[in-house]
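Asker: from the sequence below, what's the structure:
(2 chains)
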Number of protein chains: 2
Amino acid sequence: MSNATQTKLHRLTDELNRLIGKENVLYSLEERICYAYDGSKQKCIPDVVLRPQDTQQVSGILCLANEYKIPVYPRGAGSGLTGGSVPIQSGMVLDFSRMNQILEIIPENLTATVEPGVVTHTLQSEVAKHKLFYPPDPASAAFSTLGGNVAECSGGITGLKYGVTRDYILSLEVVLADGSIIHTGRKTLKSVTGYDLTRLFVGSEGTLGVFTQITVKLLPLPEKIETLLAFFTTPEQAVRTANQIILNNLLPRALEFIDKSSIDCIQGYKQEFQIPKDVHAILLIDIDGKETSVNIETSLIERIITENQALKVVSAKNAKERDILWEVRRAISPALYTIAAFKINEDICVPRSQILEILQRIDEIHKRYPSLKVANFGHIGDGNIHVNVLYKEKDQQVTAKRMIEEILLNTIELGGTISGEHGIGNVKSDFMPLEIPPHELRIMKDIKQLLDPNGILNPGKMFPL
Amino acid sequence: MSNATQTKLHRLTDELNRLIGKENVLYSLEERICYAYDGSKQKCIPDVVLRPQDTQQVSGILCLANEYKIPVYPRGAGSGLTGGSVPIQSGMVLDFSRMNQILEIIPENLTATVEPGVVTHTLQSEVAKHKLFYPPDPASAAFSTLGGNVAECSGGITGLKYGVTRDYILSLEVVLADGSIIHTGRKTLKSVTGYDLTRLFVGSEGTLGVFTQITVKLLPLPEKIETLLAFFTTPEQAVRTANQIILNNLLPRALEFIDKSSIDCIQGYKQEFQIPKDVHAILLIDIDGKETSVNIETSLIERIITENQALKVVSAKNAKERDILWEVRRAISPALYTIAAFKINEDICVPRSQILEILQRIDEIHKRYPSLKVANFGHIGDGNIHVNVLYKEKDQQVTAKRMIEEILLNTIELGGTISGEHGIGNVKSDFMPLEIPPHELRIMKDIKQLLDPNGILNPGKMFPL
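Answerer: Okay, the predicted model is just below:
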């Protein structure tokens, strides 16, 4: 615990206890240590963990934090991959697990309003009972929360056809750094009254304000989903197939790419899922919509796959088989640890026409880093590839980062971005200047300064120190 | 011409001539008067009209304007309905008609990049040649420009299924008030690097920066569009039908409502289009997608229409008939002038479940203003109704505005917004505080101050004076 913050918090204990109840103010090391991590595997123990239950409590906490200049880290499930919720400068973690209610689902309006602690999959399932669909579907949906998704502007496997979290947020209740409460946007499908503060907060990684209510737009639930798995002997065939699907006027729900290294990791993960040895690339494709169009589109896509010399194409025969295929896809990221103990999971996105080029450049760069391993997979449909750099010993981290930097520079050269959907956090903040020139970074910092003059909200994230 | 600005401009003439060519610096009254209007029918003659040809010229102009504190009004086609491009404090109009090139269409990436002066319909037609689709479709698409659409975050008839302009803008080149050039977002389908400046500029009505390049996201062109026209004896039947379409898991491309007063205006507009006398409400519906699903969805919608006691439902037999139906719909707004010489065209949006309630409240309010006429039509699918208040004598304007204010207050009470898609401009800026409380308005003004400290960009718009 940092001494300065400790002294401040000591003075605040009574007030915090009164504000949110003693049982929701966690000081013990055993409890705090649970909030020290996220998916980036950093470890920074907060000074205190607070579990607010409503907007007024969040407001009260931020008033105090702002007055005493104590860092505040909003936290959903802590599953982010760039350190978004890690309390790197100590201070208060705001745990939203007690604000996890779905407040309303209104089918007639195609909207739902939730508290930030609602797990994404829970919302997806609940709206499905009304034959409705919340499309953003990050691989973490089973445990990540709406609050975290909004903070990071999560993407996921449905991005090509359905867009990302940003495209589904209509309105936010936000507590600002000074404890004041604002409501951005409206619970209407259209609104252009004033500047678009809603999207300014979406993807702001907890650095501009803390969300306490989120209203999302819903769509009708697609009638049918068909899943295809195509095996190729070369990555070129897979990339060409993906491009031809798009150029043939087809927009699958998901269009995922898996390279040889990733295949090696998931080989044997499920007994039901065996991959022939000469397979060097896989496409995993979901087609959704009305049953009749799904059938037609599936046939067209199968033809394109065959024309591109796929070794084999299989379709999931039922929901169970489909679940297995996607379970294997979702297992790639954690399974990569079987190759090496350490991993940097990058998240580049390029215009789709540049995918083959960036994959070839990554291969070239890799030749100069023979001690490292590389595995690529991800959302080829929207040009978003998760480049994983793997290494066995901790002291290889510097080398791995040098390789990552080369990849990022090449990504930017090809018109791409250093983060498609994982955010910047503190893990990538040093790389921000590669993409964002100083005068544009200045504008972002000025907006941060405007909304959080004392810099208490998630300090050390997004911007290079 | 204002004296102070005149003196400044006199000093700048040589520099402006050198910067963009004398033929693009328009000083004559005959020329300037053409730039005094927009769709809101205000008249404010600018001091000078400048026709830049590239980003550097725009940057040079803004440098000078900022140094000499001269107001700048970016202008596309001048078809906005809230005064967005009207030079209300004199100064420079920036006419983008010479920056009207489609710079690239890349089918593989599903993107296009355009200059701001490109007419929306031109882009729609050009991308259609590649079987691609730019969905935002304001009623003004035949003449309004992409620059104007982005500035206002235009909606249109496809909003329910496809969203609005905001949802299709990937990246912007923006010249800031001080002449500096920034590039927001990336030409990729996903990007979360830094704050979302792109959407901060979309809908900012020319008050934060001037767009010089716009990259949009495209979709595959739908294979087929079917158009249905349903006649009802009561507005309640029409609203109920619209709601049941949504509740039956159907998302039409367009779902438009036309009330009795609007029907009276368009009756006889086209010989081919005759409306039975006892019709008091019309729904105009487009269904698009793959041919097979369009056929299925059309049958389902026809059944819902019939079950709701429609007098009649007709479908367009071919593209020509479809064009006639939509031409009639697009003619409503101008045709309303046949009822009365003056009109205020409102643009409220409510959650769809509140449409009947707001229509009934408008009826009630109207009873207290018997000297005014009211016509309602618009995008019932997304809750966005154009409430038109019509009056015969100019001095009834105060009364009309009082009625409008009552309607807006009721809209907000029902969870709605005062502007769904037309923007605020100076026409509605006095009403902003009805919806946006002072501390939220303060944030917007602070952002404006940050990006345009001298207040030269479209002064007098968006915020109440």
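Asker: quick one, what contacts residue A:69?
Answerer: By CB atoms under 8 Å, 6 or more residues apart in numbering or on different chains, the residues touching residue A:69 are A:8, A:454, A:456. Bear in mind the C-beta positions are built from the backbone N, C-alpha and C, glycine included.
Asker: closest one of these to chain B?
Answerer: residue A:454 (15.9 Å; CB to the nearest CB).
Asker: can you confirm the closest one is in a helix?
Answerer: No: counting by DSSP: H, G, I helix; E, B strand; the rest coil, residue A:454 falls outside a helix, being coil.
Asker: quick revisit: most surrounded residue in the contacts of residue A:69?
Answerer: Within the contacts of residue A:69, most neighbours by other CB atoms under 10 Å in any protein chain shown means residue A:456, with 23 neighbours.
Asker: how about the contacts made by it?
Answerer: Each residue near residue A:456 by CB under 8 Å, 6+ apart is listed here: A:62, A:65-66, A:69-72, A:91, A:177.
Asker: in helices only, show me those residues.
Answerer: Among the contacts of residue A:456, the members falling in helices (DSSP state H) are A:62, A:65-66.
Asker: returning to that earlier point: and of the contacts of residue A:456, the nearest to chain B?
Answerer: Nearest member of the contacts of residue A:456 to chain B, counting by CB to the nearest CB, is residue A:177, at 11.8 Å.
Asker: what about the residue nearest to the closest one when sequence neighbours are not counted, neighbour count?
Answerer: Once flanking residues are discounted, residue A:177 sits nearest to residue A:452: 4.0 Å by CB to CB, 6 or more residues apart in numbering or on different chains. Neighbour count of residue A:452, defined by other CB under 10 Å: 21.
Asker: gap between residue A:452 and residue B:187?
Answerer: 31 Å (CB to CB, to the nearest Å).
Asker: hang on, isn't residue A:408 packed against residue A:418?
Answerer: Yes: contact criterion CB atoms under 8 Å: residue A:408 and residue A:418 qualify, at 4.9 Å.
Asker: more crowded one of those two?
Answerer: Between residue A:408 and residue A:418, counted using other CB under 10 Å, the more crowded position is residue A:418 (28 against 21).
Asker: which ones are touching residue A:116?
Answerer: Taking CB under 8 Å, 6+ apart as the test, what residue A:116 contacts is A:74, A:76, A:96, A:99, A:145-148, A:150, A:211-214.
Asker: and it, helix, strand or coil?
Answerer: Put simply, residue A:116 is coil when judged by three-state DSSP.
Asker: quick one: buried ones out of the contacts of residue A:456?
Answerer: Taking 16 or more other CB atoms under 10 Å in any protein chain shown as the criterion, what is buried in the contacts of residue A:456 is A:62, A:65-66, A:70-72, A:91, A:177.
Asker: just the closest of those residues to residue B:105, please.
Answerer: Distance to residue B:105 across the buried ones among the contacts of residue A:456 (CB to CB) is lowest for residue A:177, with 43.5 Å.
Asker: what about the closest one, distance to residue A:451?
Answerer: The gap separating residue A:177 from residue A:451 is 6 Å, by CB to CB.
Asker: over to residue A:233?
Answerer: Residue A:233 sits 53 Å away from residue A:451, taking CB to CB as the criterion.
Asker: more neighbours: which of the two?
Answerer: Ranked by neighbour count (other CB under 10 Å), residue A:233 and residue A:451 place residue A:451 first, with 22 against 15.
Asker: ok, the nearest residue to that one once chain neighbours are set aside - contacts?
Answerer: Once flanking residues are discounted, residue A:451 sits nearest to residue A:208: 4.8 Å by CB to CB, 6+ apart. Counting by CB under 8 Å, 6+ apart, residue A:208 touches A:174, A:176, A:200-201, A:447-448, A:451-452, A:457, B:195.
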